[in-house]
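Enquirer: build the 3D model from these lines:
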Amino acid sequence: MGVIKAVCTSPEKGMRKKNVGAGVLILDFGLEGDAHGGPWHRQVSLLAMESIQKMVEQGLDVGPGDFAENLTTEGINLVSLPVGTKINIGSECVGEVTQIGKKCHNRCAIYEQAGDCVMPREGIFIKVLQGGPVKVGDSIQVVD
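Expert: Below you'll find the predicted structure:
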């Protein structure tokens, strides 16, 4: 079991996200108020704090939201979850893993600063199967 460390949104695509602390996951859309929401397979992005720490160790001043992830987690090995895995988020939400990593079409600002970015390799995407509130401190766990 892991924990949500940040809930992040942005009003436009292609920018870092801001930790807003809490939000609402909407069925078949994603995180309310986030530019990446919509009826597609990459509704919500997740990245582990452990992945962000790797970039900090390379000398970058980065934190939750800087890789444009919606949910920053800790204590759960996201990249080990196969596509199709269902996860419980908080007390009400359920998501299904739809993609591991992504292809970066442009070199993002993080890549330009560090020569590397963890989101394409270690970020995952889910679609929302059951919506509800999500906040920092909520649990995240794989459904058996």
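Enquirer: report pLDDT for Lys54.
Expert: pLDDT, Lys54: 87.
Enquirer: for Glu122, same thing?
Expert: 85.
Enquirer: show me which helix runs longest in the chain.
Expert: For the chain, the longest helix by residue count, based on DSSP state H, is helix 49-57.
Enquirer: what is that one packed up against?
Expert: The elements that helix 49-57 packs onto, with contact taken as 3 or more C-beta pairs under 8 Å, 6 or more residues apart in numbering; DSSP states H and E, are strand 71-74. Every C-beta, even on glycine, is put in place using the N, C-alpha and C of the backbone.
Enquirer: what's the first helix or strand after the strand it packs on?
Expert: strand 86-89 (DSSP states H and E).
Enquirer: which other helices and strands contact that following strand?
Expert: So strand 86-89, by 3+ C-beta pairs under 8 Å, 6+ apart, packs with strand 93-100, strand 139-142.
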